[in-house]
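Colleague: Sequence first, then the predicted structure:
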Amino acid sequence: MHVQTLNIFCDVVRHQSFSRGAMANSVSQSAASQAVRQLERHLGAELIDRSQRPWKLTAEGKIFFKGCQEIVERYHELEDAVRRQQKPSGHTVRVAAIYSVGLHHLSQYVDQFRTLVPGAGVDLEYMHPDEICERVLNDQSDLGLMSFVSPGRDLTAIPWQRQLMVVACPPDHPLARRITTQGALRPEDLQGERFVAFDRELPARRAIDRFLRSHDVEGEITAEFDNIETIKQAVDEGAGIAVVPEPTLRREVERGTLLRVAFELEAGEPPLVRPLSIVHRRNRRLNPAVTEFIKLLQADADAPPVEPERPRPQTSVRRHASERRVTPRQHTHAAASRGATP
(Lines give C-alpha, C1' and ligand atoms only; values in the text may rest on other atoms or scores of the structure.)
Protein backbone atom coordinates (compact mmCIF):
# COMPACT_ATOMS: atom_id res chain seq x y z
CA MET A 1 0.00 0.00 0.00
CA HIS A 2 1.47 3.37 -1.06
CA VAL A 3 2.20 5.98 1.63
CA GLN A 4 0.45 8.57 -0.55
CA THR A 5 -2.78 6.59 -0.33
CA LEU A 6 -2.50 6.49 3.45
CA ASN A 7 -1.73 10.21 3.49
CA ILE A 8 -4.81 10.98 1.40
CA PHE A 9 -6.99 8.96 3.77
CA CYS A 10 -5.54 10.78 6.82
CA ASP A 11 -6.07 14.21 5.23
CA VAL A 12 -9.65 13.38 4.23
CA VAL A 13 -10.38 12.45 7.85
CA ARG A 14 -8.48 15.42 9.33
CA HIS A 15 -10.34 17.92 7.14
CA GLN A 16 -13.65 16.01 7.35
CA SER A 17 -13.87 16.55 3.59
CA PHE A 18 -12.92 14.61 0.47
CA SER A 19 -12.42 17.82 -1.49
CA ARG A 20 -10.13 19.44 1.07
CA GLY A 21 -8.25 16.18 1.62
CA ALA A 22 -7.73 15.97 -2.13
CA MET A 23 -6.55 19.58 -2.29
CA ALA A 24 -4.01 18.95 0.49
CA ASN A 25 -2.48 16.22 -1.68
CA SER A 26 -2.80 18.03 -5.03
CA VAL A 27 -5.16 15.40 -6.49
CA SER A 28 -8.74 15.52 -7.71
CA GLN A 29 -11.67 14.77 -5.42
CA SER A 30 -12.40 11.71 -7.54
CA ALA A 31 -8.84 10.45 -7.01
CA ALA A 32 -9.15 10.94 -3.25
CA SER A 33 -12.43 9.03 -3.20
CA GLN A 34 -10.89 6.22 -5.23
CA ALA A 35 -7.92 6.05 -2.86
CA VAL A 36 -10.22 5.54 0.12
CA ARG A 37 -12.24 2.93 -1.80
CA GLN A 38 -9.00 1.16 -2.64
CA LEU A 39 -8.09 1.00 1.04
CA GLU A 40 -11.51 -0.38 1.93
CA ARG A 41 -11.28 -3.09 -0.72
CA HIS A 42 -7.76 -4.00 0.42
CA LEU A 43 -8.85 -4.26 4.07
CA GLY A 44 -12.23 -5.80 3.34
CA ALA A 45 -13.88 -3.29 5.68
CA GLU A 46 -15.80 -0.04 5.38
CA LEU A 47 -13.75 2.82 6.85
CA ILE A 48 -16.18 5.68 6.23
CA ASP A 49 -19.93 5.51 6.73
CA ARG A 50 -21.21 7.51 3.76
CA SER A 51 -24.87 6.93 4.63
CA GLN A 52 -24.70 9.74 7.19
CA ARG A 53 -24.48 13.46 6.52
CA PRO A 54 -21.91 14.52 7.42
CA TRP A 55 -20.16 11.18 7.01
CA LYS A 56 -18.44 9.55 9.96
CA LEU A 57 -15.67 7.04 10.50
CA THR A 58 -16.74 3.50 11.27
CA ALA A 59 -15.24 1.64 14.24
CA GLU A 60 -12.76 0.06 11.82
CA GLY A 61 -12.06 3.47 10.31
CA LYS A 62 -11.17 4.95 13.70
CA ILE A 63 -8.69 2.15 14.40
CA PHE A 64 -7.15 2.44 10.94
CA PHE A 65 -6.92 6.24 11.11
CA LYS A 66 -5.05 6.17 14.41
CA GLY A 67 -2.53 3.68 13.03
CA CYS A 68 -2.21 5.57 9.74
CA GLN A 69 -1.35 8.78 11.57
CA GLU A 70 1.64 7.09 13.17
CA ILE A 71 2.82 5.48 9.92
CA VAL A 72 2.51 8.66 7.84
CA GLU A 73 4.04 10.77 10.59
CA ARG A 74 7.04 8.44 10.89
CA TYR A 75 7.50 8.40 7.12
CA HIS A 76 7.53 12.21 6.94
CA GLU A 77 10.06 12.32 9.78
CA LEU A 78 12.37 10.02 7.84
CA GLU A 79 11.81 12.04 4.68
CA ASP A 80 12.68 15.26 6.53
CA ALA A 81 15.80 13.67 8.04
CA VAL A 82 17.09 12.61 4.61
CA ARG A 83 16.37 16.01 3.08
CA ARG A 84 18.15 17.81 5.92
CA GLN A 85 21.22 15.71 5.25
CA GLN A 86 21.22 16.88 1.64
CA LYS A 87 20.18 20.47 2.26
CA PRO A 88 19.55 21.64 5.82
CA SER A 89 16.33 23.59 5.64
CA GLY A 90 14.94 23.14 9.12
CA HIS A 91 11.37 22.32 10.04
CA THR A 92 8.27 24.45 10.43
CA VAL A 93 6.67 24.10 13.84
CA ARG A 94 2.89 24.42 13.52
CA VAL A 95 1.45 26.12 16.59
CA ALA A 96 -2.23 26.79 17.35
CA ALA A 97 -2.85 29.22 20.21
CA ILE A 98 -5.83 30.72 21.97
CA TYR A 99 -6.46 34.35 21.03
CA SER A 100 -5.66 35.67 24.50
CA VAL A 101 -2.05 34.47 24.52
CA GLY A 102 -1.36 37.48 22.32
CA LEU A 103 0.74 37.97 19.21
CA HIS A 104 3.27 40.26 20.91
CA HIS A 105 3.87 37.75 23.71
CA LEU A 106 4.48 34.81 21.36
CA SER A 107 6.47 36.78 18.81
CA GLN A 108 9.29 37.04 21.33
CA TYR A 109 9.53 33.25 21.53
CA VAL A 110 9.30 32.89 17.75
CA ASP A 111 12.18 35.33 17.26
CA GLN A 112 14.32 33.53 19.84
CA PHE A 113 13.53 30.16 18.26
CA ARG A 114 14.60 31.28 14.80
CA THR A 115 17.91 32.42 16.29
CA LEU A 116 18.47 29.20 18.23
CA VAL A 117 17.41 26.87 15.37
CA PRO A 118 18.60 28.41 12.09
CA GLY A 119 16.48 27.46 9.11
CA ALA A 120 13.50 26.42 11.21
CA GLY A 121 10.25 28.35 11.17
CA VAL A 122 7.03 28.71 13.13
CA ASP A 123 3.55 28.71 11.60
CA LEU A 124 1.41 30.41 14.26
CA GLU A 125 -2.40 30.49 14.13
CA TYR A 126 -4.94 31.80 16.65
CA MET A 127 -8.26 30.07 17.17
CA HIS A 128 -10.93 28.88 19.61
CA PRO A 129 -9.82 26.25 22.21
CA ASP A 130 -12.11 23.58 20.73
CA GLU A 131 -10.50 24.07 17.33
CA ILE A 132 -7.04 23.76 18.85
CA CYS A 133 -7.84 20.35 20.35
CA GLU A 134 -9.21 19.13 17.03
CA ARG A 135 -6.20 20.34 15.06
CA VAL A 136 -3.69 18.84 17.49
CA LEU A 137 -5.45 15.47 17.62
CA ASN A 138 -5.70 15.40 13.81
CA ASP A 139 -2.03 16.38 13.37
CA GLN A 140 -2.88 19.62 11.61
CA SER A 141 -0.89 21.39 14.36
CA ASP A 142 2.18 20.11 16.18
CA LEU A 143 1.45 22.02 19.37
CA GLY A 144 -1.40 23.87 21.02
CA LEU A 145 -1.20 26.65 23.60
CA MET A 146 -4.28 26.66 25.83
CA SER A 147 -5.51 27.63 29.27
CA PHE A 148 -7.19 25.52 31.97
CA VAL A 149 -6.39 22.28 30.09
CA SER A 150 -7.80 18.95 31.21
CA PRO A 151 -5.53 16.35 29.57
CA GLY A 152 -7.30 13.28 28.28
CA ARG A 153 -6.44 9.86 26.95
CA ASP A 154 -5.29 11.28 23.61
CA LEU A 155 -3.84 14.61 24.75
CA THR A 156 -0.65 15.41 26.67
CA ALA A 157 -0.50 18.72 28.54
CA ILE A 158 2.82 20.24 29.60
CA PRO A 159 2.57 23.02 32.22
CA TRP A 160 3.82 26.30 30.79
CA GLN A 161 2.88 29.41 32.77
CA ARG A 162 0.73 30.47 35.72
CA GLN A 163 -0.33 34.00 34.87
CA LEU A 164 -1.61 36.22 37.66
CA MET A 165 -5.03 37.71 36.88
CA VAL A 166 -5.33 41.42 37.60
CA VAL A 167 -7.80 44.25 37.18
CA ALA A 168 -7.40 46.47 34.11
CA CYS A 169 -8.88 49.97 34.17
CA PRO A 170 -8.13 53.43 32.75
CA PRO A 171 -5.89 55.63 34.96
CA ASP A 172 -8.74 58.10 35.49
CA HIS A 173 -11.27 55.42 36.54
CA PRO A 174 -12.84 55.93 40.00
CA LEU A 175 -11.33 52.62 41.12
CA ALA A 176 -7.87 54.15 40.79
CA ARG A 177 -8.65 56.27 43.87
CA ARG A 178 -9.42 53.14 45.92
CA ILE A 179 -6.11 51.36 45.35
CA THR A 180 -4.52 50.49 48.70
CA THR A 181 -1.03 51.43 49.83
CA GLN A 182 0.01 47.96 48.64
CA GLY A 183 -1.08 48.92 45.12
CA ALA A 184 -3.99 46.47 45.17
CA LEU A 185 -7.77 46.26 45.34
CA ARG A 186 -9.93 44.03 47.47
CA PRO A 187 -12.29 41.87 45.39
CA GLU A 188 -15.30 43.46 47.09
CA ASP A 189 -14.19 46.84 45.73
CA LEU A 190 -15.45 45.63 42.35
CA GLN A 191 -19.04 45.31 43.56
CA GLY A 192 -21.46 46.92 41.10
CA GLU A 193 -18.79 47.71 38.51
CA ARG A 194 -19.28 47.44 34.74
CA PHE A 195 -17.21 44.61 33.26
CA VAL A 196 -15.81 43.86 29.82
CA ALA A 197 -15.57 40.09 29.99
CA PHE A 198 -14.23 37.08 28.17
CA ASP A 199 -16.76 35.12 26.16
CA ARG A 200 -18.83 33.06 28.60
CA GLU A 201 -17.85 29.79 26.88
CA LEU A 202 -14.13 30.28 27.61
CA PRO A 203 -12.51 28.63 30.66
CA ALA A 204 -10.94 31.94 31.76
CA ARG A 205 -14.40 33.52 32.01
CA ARG A 206 -15.71 30.65 34.12
CA ALA A 207 -12.73 30.89 36.48
CA ILE A 208 -13.17 34.65 36.88
CA ASP A 209 -16.90 34.29 37.49
CA ARG A 210 -16.24 31.67 40.21
CA PHE A 211 -13.68 33.95 41.87
CA LEU A 212 -16.03 36.94 41.91
CA ARG A 213 -18.96 34.86 43.17
CA SER A 214 -16.79 33.51 46.00
CA HIS A 215 -16.38 37.13 47.13
CA ASP A 216 -20.08 37.95 46.60
CA VAL A 217 -19.21 40.39 43.83
CA GLU A 218 -21.88 41.20 41.26
CA GLY A 219 -21.52 43.54 38.32
CA GLU A 220 -22.89 44.45 34.90
CA ILE A 221 -21.43 42.73 31.84
CA THR A 222 -21.30 45.38 29.13
CA ALA A 223 -19.57 43.29 26.46
CA GLU A 224 -18.06 39.84 25.88
CA PHE A 225 -15.12 39.06 23.60
CA ASP A 226 -12.88 36.09 22.88
CA ASN A 227 -10.10 38.46 21.81
CA ILE A 228 -8.04 39.99 24.62
CA GLU A 229 -6.84 42.88 22.48
CA THR A 230 -10.45 43.89 21.89
CA ILE A 231 -11.16 43.58 25.62
CA LYS A 232 -8.33 46.01 26.37
CA GLN A 233 -9.52 48.43 23.69
CA ALA A 234 -13.02 48.36 25.14
CA VAL A 235 -11.65 49.11 28.63
CA ASP A 236 -9.60 51.97 27.18
CA GLU A 237 -12.76 53.36 25.56
CA GLY A 238 -14.56 53.42 28.93
CA ALA A 239 -16.83 50.37 28.50
CA GLY A 240 -15.87 49.06 31.94
CA ILE A 241 -13.08 47.30 33.77
CA ALA A 242 -11.73 43.81 33.02
CA VAL A 243 -9.96 40.96 34.79
CA VAL A 244 -7.15 39.76 32.53
CA PRO A 245 -3.76 38.00 32.73
CA GLU A 246 -1.08 40.43 33.94
CA PRO A 247 1.44 39.77 31.11
CA THR A 248 -1.09 40.87 28.50
CA LEU A 249 -1.19 44.40 29.97
CA ARG A 250 2.50 45.24 29.95
CA ARG A 251 2.51 47.34 26.78
CA GLU A 252 -0.53 49.37 27.89
CA VAL A 253 1.01 49.97 31.33
CA GLU A 254 4.26 51.14 29.73
CA ARG A 255 2.31 53.52 27.47
CA GLY A 256 0.24 54.79 30.37
CA THR A 257 -3.08 53.91 28.75
CA LEU A 258 -4.22 51.36 31.35
CA LEU A 259 -3.54 50.47 34.97
CA ARG A 260 -2.98 46.90 36.17
CA VAL A 261 -4.03 46.31 39.77
CA ALA A 262 -3.55 43.10 41.76
CA PHE A 263 -6.12 41.66 44.15
CA GLU A 264 -5.53 42.04 47.88
CA LEU A 265 -6.56 38.67 49.34
CA GLU A 266 -6.86 37.19 52.80
CA ALA A 267 -3.81 35.40 54.21
CA GLY A 268 -3.62 31.90 52.76
CA GLU A 269 -6.13 32.56 50.00
CA PRO A 270 -4.76 31.32 46.64
CA PRO A 271 -4.35 33.97 43.94
CA LEU A 272 -6.50 33.99 40.84
CA VAL A 273 -4.26 32.67 38.06
CA ARG A 274 -4.64 31.46 34.50
CA PRO A 275 -2.67 28.23 33.95
CA LEU A 276 -1.34 27.90 30.41
CA SER A 277 -0.27 24.56 28.96
CA ILE A 278 1.53 23.27 25.88
CA VAL A 279 -0.45 20.39 24.40
CA HIS A 280 0.33 17.75 21.80
CA ARG A 281 -1.12 14.43 20.73
CA ARG A 282 -0.20 11.71 23.18
CA ASN A 283 2.45 9.23 21.97
CA ARG A 284 3.24 11.47 18.98
CA ARG A 285 6.86 11.40 17.86
CA LEU A 286 7.93 15.01 18.10
CA ASN A 287 10.25 16.46 15.49
CA PRO A 288 13.53 17.78 17.02
CA ALA A 289 12.52 21.33 16.07
CA VAL A 290 9.19 20.91 17.89
CA THR A 291 11.04 19.61 20.95
CA GLU A 292 13.35 22.64 20.88
CA PHE A 293 10.38 24.99 20.69
CA ILE A 294 8.83 23.30 23.73
CA LYS A 295 12.11 23.70 25.65
CA LEU A 296 12.18 27.38 24.78
CA LEU A 297 8.63 27.89 26.03
CA GLN A 298 9.35 25.90 29.19
CA ALA A 299 12.29 28.14 30.10
CA ASP A 300 9.89 30.14 32.30
CA ALA A 301 7.36 27.36 32.92
CA ASP A 302 8.14 27.02 36.61
CA ALA A 303 8.21 30.72 37.36
CA PRO A 304 5.56 31.61 40.02
CA PRO A 305 3.00 34.32 39.33
CA VAL A 306 4.64 37.72 39.78
CA GLU A 307 2.84 40.48 41.64
CA PRO A 308 2.69 43.63 39.49
CA GLU A 309 4.52 46.68 40.71
CA ARG A 310 2.57 49.29 42.60
CA PRO A 311 0.98 51.56 39.97
CA ARG A 312 2.24 55.12 39.72
CA PRO A 313 -0.20 58.03 39.38
CA GLN A 314 -1.08 58.82 35.76
CA THR A 315 -2.23 62.20 34.55
CA SER A 316 -3.34 61.46 31.03
CA VAL A 317 -4.34 58.71 28.65
CA ARG A 318 -2.42 58.55 25.39
CA ARG A 319 -4.24 57.13 22.40
CA HIS A 320 -2.59 55.95 19.22
CA ALA A 321 -3.85 56.54 15.73
CA SER A 322 -3.50 52.84 14.96
CA GLU A 323 -5.87 51.83 17.77
CA ARG A 324 -9.31 50.81 16.59
CA ARG A 325 -12.27 52.28 18.44
CA VAL A 326 -14.62 49.71 19.95
CA THR A 327 -18.28 50.27 20.63
CA PRO A 328 -19.40 47.31 22.76
CA ARG A 329 -23.00 46.27 22.76
CA GLN A 330 -24.53 45.13 26.00
CA HIS A 331 -24.63 41.34 26.42
CA THR A 332 -23.42 40.61 22.88
CA HIS A 333 -20.61 38.35 21.77
CA ALA A 334 -18.16 39.95 19.36
CA ALA A 335 -15.71 37.19 18.52
CA ALA A 336 -12.56 37.89 16.57
CA SER A 337 -12.76 36.82 12.95
CA ARG A 338 -10.89 33.64 12.24
CA GLY A 339 -7.36 34.20 11.11
CA ALA A 340 -7.29 37.83 12.26
CA THR A 341 -4.44 39.05 14.41
CA PRO A 342 -5.70 39.19 18.02
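Modeller: Received, thanks.

Colleague: D11 and R194, how far apart?
Modeller: From D11 across to R194, the span is 47 Å (CB to CB, to the nearest Å). For glycine as for every other residue, the C-beta is placed from the backbone atoms N, C-alpha and C.

Colleague: One more: A24?
Modeller: For A24 relative to R194 (CB to CB), the value is 47 Å.

Colleague: Kindly report the same for M165.
Modeller: Taking CB to CB, one finds M165 at 18 Å from R194.

Colleague: Kindly report the same for V261.
Modeller: V261 is 16 Å from R194, by CB to CB.

Colleague: Please say which of these two ends up with more neighbours.
Modeller: Neighbour count, other CB atoms under 10 Å: between V261 and R194, V261 has more, with 26 against 17.

Colleague: Give the helix, strand or coil label for the residue lying closest to the more buried one once chain neighbours are set aside.
Modeller: Excluding the flanking residues, the one nearest V261 by CB to CB, 6 or more residues apart in numbering is V167, at 4.4 Å. Three-state call for V167 (DSSP: H, G, I helix; E, B strand; the rest coil): strand.

Colleague: Dig out what V167 forms beta bridges with.
Modeller: V243, V261 (DSSP bridges).

Colleague: residues in contact with L202?
Modeller: Shown in contact with L202 (CB atoms under 8 Å, 6 or more residues apart in numbering): P129, D226.

Colleague: The same query, at a cut-off of 7 Å, please.
Modeller: L202 makes contact with D226, according to CB atoms under 7 Å, 6 or more residues apart in numbering.

Colleague: How much space separates it from H128?
Modeller: For L202, the distance to H128 equals 9 Å [CB to CB].

Colleague: Same check on R114?
Modeller: 27 Å.

Colleague: now V72
Modeller: Relative to H128, and taking CB to CB, V72 is found at 26 Å.

Colleague: which residues of the stretch 151-300 of the chain score low on pLDDT?
Modeller: Within the stretch 151-300 of the chain, the ranges that satisfy pLDDT under 70 run 181, 300.

Colleague: If we use 90, what do you get?
Modeller: For the stretch 151-300 of the chain, the stretches with pLDDT under 90 are 151-155, 176-183, 201-203, 226-229, 247-248, 250-251, 268, 282-289, 298-300.

Colleague: Please say which of R114 and H128 ends up with more neighbours.
Modeller: When R114 and H128 are compared for neighbours, H128 comes out ahead with 18 against 14, by other CB under 10 Å.

Colleague: neighbours of the residue nearest to the more buried one when sequence neighbours are not counted, just the number please.
Modeller: The shortest distance from H128 to any non-neighbouring residue, by CB to CB, 6+ apart, is to D226 (6.9 Å). By other CB under 10 Å, the residues close to D226 number 25.

Colleague: okay but D226 is in contact with Y99, surely?
Modeller: Yes. At 5.6 Å, D226 and Y99 qualify as touching, with contact defined as CB atoms under 7 Å.

Colleague: which stretches of this structure form helices?
Modeller: For the chain, the helices defined by DSSP state H cover 3-15, 18-24, 29-43, 59-86, 103-116, 129-137, 203-214, 228-236, 250-255, 288-298.

Colleague: Any idea how many residues pack against F198?
Modeller: The burial count for F198: 25, using other CB under 10 Å.

Colleague: List the contacts of the nearest residue to it once chain neighbours are set aside.
Modeller: Once flanking residues are discounted, F198 sits nearest to R205: 3.8 Å by CB to CB, 6+ apart. Residues counted as contacts of R205 (CB under 7 Å, 6+ apart) are A197, F198, D199.

Colleague: thinking the first one is in contact with E224, fair?
Modeller: Okay, so that is A197. Yes. Contact criterion CB under 7 Å: A197 and E224 qualify, at 5.2 Å.
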